[in-house]
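Participant: model this:
(one chain, ligands or ions: 1)
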Amino acid sequence: MADTIAAISTAMGEAGIGIVRISGRDAISIGSRIFRGKNTDNLEKSKNRKLIYGHIVDPKNDEIIDEVLIVSMKEPYTYTRENMVEIYCHGGIISVKRILELILENDARLAEPGEFTKRAFLNGRLDLSQAEAVIDVIRAKTDESFKVSLNQLEGNISKKVREIREVLLEMIAHIEASIDFPEEDIEEITYEELEEKAKEVQKSIEKLLETADRGKILRDGLNTVILGKPNVGKSSLLNAILRENRAIVTDIPGTTRDIIEEYVNIDGIPLKIIDTAGIRDTEDLVEKIGVDRAKDRVDEADLIIAIFDASEKLTEEDYNIIDIIKNKRSIVLLNKSDLPNEYDEKHLKEMLPNYEIITTSITKGIGVDRLEQKIKDMFYTGELEVESDTIVTNMRHKDQLIKAHKNINSGLDGIVSNIPLDCIEVDIKSCWQNLGEISGDTVGEDILDRIFSEFCIGK
Ligand code: GDP
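Facilitator: Numbers count the residues shown, from 1 in each chain. As a prediction, this is how the structure comes out:
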């Protein structure tokens, strides 16, 4: 069993209780050394997984640190599959810190970020995609993203991936038998059979990949950019959506100089809204930074909300924006509809023939609900059932699937053109390897380190 690690598992701050966790070979003996049970309960002799009451005491001088509940859990039926102790003490900063320090003085070491979960993976309790789902569960911002992560924690992605790998393995075995023992009686696999299996694999990978876009939105939020010339109402819109005043709303053009990012939740769709300084040419350096960054953001955006001013004629800047949104998924708002109309309606409609133009008066609260409905219609068609489908939410998984897809395509090309079996085998093996990195069946230490370093300490 590995050395013994400890960490605070709850967030630091004012709270009712805080939890300190210990895992590893000496977890229970360390716990016993610093715990005095109220009714002479001894942690080492206490029943497995029974919560007992008492005090954490510094064994050097018998000083009482805090009043706690403590539980010992014997391996292998624990989160890490090692001996574990959890201490429930008073929340806040002092108690948890002092208890952790005491544990560290008593021969445990501070856990690295994600080390408890990493041990759960290394000891076979979770596969890699399940371990990654643990972070997603913690970070989930909406009910839906939480559900998808929980689904992944159940191991659904790995199950699908393993099924595909089974087929690939079968192909590899047959190819190797045909190469190694051509004279023997082992039934040789035909190119037709290989083609059929390769197509099956290709289709399964494509099916998983199809879910990735929506998965990314569920996990990271819909990357949304609000575009419009200065003073058109961008900050007002952001505020209306947030229903709190975080962005600066002013009458001076160009005062929203920096880019502001906010999360909102529109009926389960997490929106990461980016408010920009607008797209325009300017000599002002500060503004320029904002504008350049705005252009980058537009390229990365999943959705653009473009706002035009109904109370003014269209300007050069408006035309620039129209150019930008033509090739992007966008929603068009015509704001300040409460003021006398000055814009050229026909012209705007001609330039944006495929867009429904939503008329708004953001300051009067008109039209914002229609905008929200439109977002829901665009992204929440309901065709993906979160509970029943396996949805790829993790970009690492998506990258591996793309690589696997390339390799199976190349293998399939080889099969169709009847190239020698050992050349085909190279692609099939790579595909098998790519998929193995999702479940962690074939994965390097560097990737593991990168994944677990994303975790918080104590998980
Ligand atoms: P931004 O520069 O695009 O972020 O624009 P702001 O949100 O700062 O708005 C500029 C000014 O226009 C503010 O005084 C807002 O109150 C005003 N404004 C925004 N929307 C409307 C609207 O629908 N009608 C009217 N009359 N004024 C608005």
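Participant: Would you mark the buried spots in the helix or strand that contains Ser95?
Facilitator: Following DSSP states H and E, the helix or strand that holds Ser95 is helix 94-105. Across helix 94-105, burial judged by 16 or more other C-beta atoms under 10 Å covers 95-96, 98-100, 102-104. Every residue, glycine included, has its C-beta placed from N, CA and C.
Participant: Likewise for stretch 16-31?
Facilitator: Neighbour-count burial for stretch 16-31 flags 18-24, 26-31 (criterion: 16+ other C-beta under 10 Å).
Participant: hmm, back to that, how about the buried residues of helix 94-105 in a markdown table, adding distance to the ligand and pLDDT?
Facilitator: As requested, the buried residues of helix 94-105 are exported to a markdown table (distance: C-beta to the nearest ligand atom, whole Å; pLDDT from 0 to 100):
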| residue | distance to the ligand | pLDDT |
| --- | --- | --- |
| Ser95 | 46 | 94 |
| Val96 | 44 | 95 |
| Arg98 | 49 | 96 |
| Ile99 | 49 | 97 |
| Leu100 | 47 | 97 |
| Leu102 | 53 | 97 |
| Ile103 | 52 | 97 |
| Leu104 | 51 | 97 |
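Participant: What is the burial count for the residue in the stretch 51-200 of the chain that the ligand sits nearest to?
Facilitator: Nearest residue of the stretch 51-200 of the chain to the ligand: Lys141, at 24.8 Å (C-beta to the nearest ligand atom). Lys141 has 17 neighbouring residues, counting by other C-beta atoms under 10 Å.
Participant: How many neighbouring residues does the residue lying closest to it once chain neighbours are set aside have?
Facilitator: In this structure, Lys141 finds its nearest non-sequential neighbour in Pro270, 4.8 Å apart by C-beta to C-beta, 6 or more residues apart in numbering. Look at Pro270: counted by other C-beta under 10 Å, it has 19 neighbours.
Participant: Just the element for Pro270, please.
Facilitator: Per DSSP H and E: Pro270 is located in strand 269-275.
Participant: I would like the residues contacting that strand, please.
Facilitator: Residues outside strand 269-275 that contact it (C-beta atoms under 8 Å, 6 or more residues apart in numbering): 141-142, 144-145, 217-218, 220-226, 234-235, 238, 241-242, 247, 256, 259-265, 297, 301, 303, 375-376, 379-380.
Participant: ok, back up a step: who's in contact with the residue of the stretch 51-200 of the chain closest to the ligand?
Facilitator: When contacts are counted by C-beta under 8 Å, 6+ apart, Lys141 is found next to 221, 263, 265, 270.
Participant: What subset of the residues you listed is buried?
Facilitator: Using 16+ other C-beta under 10 Å as the burial test, those include 221, 270 as buried.
Participant: Can you tell me which of the contacts of Lys141 is nearest Thr78?
Facilitator: Pro270 (33.1 Å; C-beta to C-beta).
Participant: Can you name every helix or strand that the longest helix along the chain contacts?
Facilitator: Longest helix in the chain, counting residues (DSSP state H): helix 156-180. With contacts defined as 3 or more C-beta pairs under 8 Å, 6 or more residues apart in numbering; DSSP states H and E, helix 156-180 has these neighbours: helix 128-139, helix 191-210, helix 421-439.
Participant: Can you give me the buried ones in that helix?
Facilitator: Within helix 156-180, the residues scored as buried using 16+ other C-beta under 10 Å are 156-158, 160-162, 164-165, 167-168, 171-172, 174-175, 178.
Participant: related to what we said a few turns ago, does the ligand have contacts with the strand holding Pro270?
Facilitator: No - for strand 269-275, no contact with the ligand is found by C-beta under 6 Å from any ligand atom; the gap never falls below 7.1 Å.
Participant: contacting residues around the most centrally placed residue in the chain?
Facilitator: Against the mean C-alpha coordinate of the chain, by C-alpha atoms, centre = their mean, the closest residue is Arg219 at 4.4 Å. Residues in contact with Arg219 (C-beta under 8 Å, 6+ apart) are 136, 140, 145, 148-149, 393-394.
Participant: again with Asp26
Facilitator: Counting by C-beta under 8 Å, 6+ apart, Asp26 has contacts 4, 83, 107-108.
Participant: Would you quantify the distance from Gly31 to Ile56?
Facilitator: Distance, Gly31 to Ile56, using C-beta to C-beta, to the nearest Å: 9 Å.
Participant: Please enumerate the shared neighbours of the two.
Facilitator: Shared contacts of Gly31 and Ile56, defined by C-beta under 8 Å, 6+ apart, are found at 70, 87.
Participant: On the pLDDT front, check Gly444 for me.
Facilitator: At Gly444, the model reports a pLDDT of 81.
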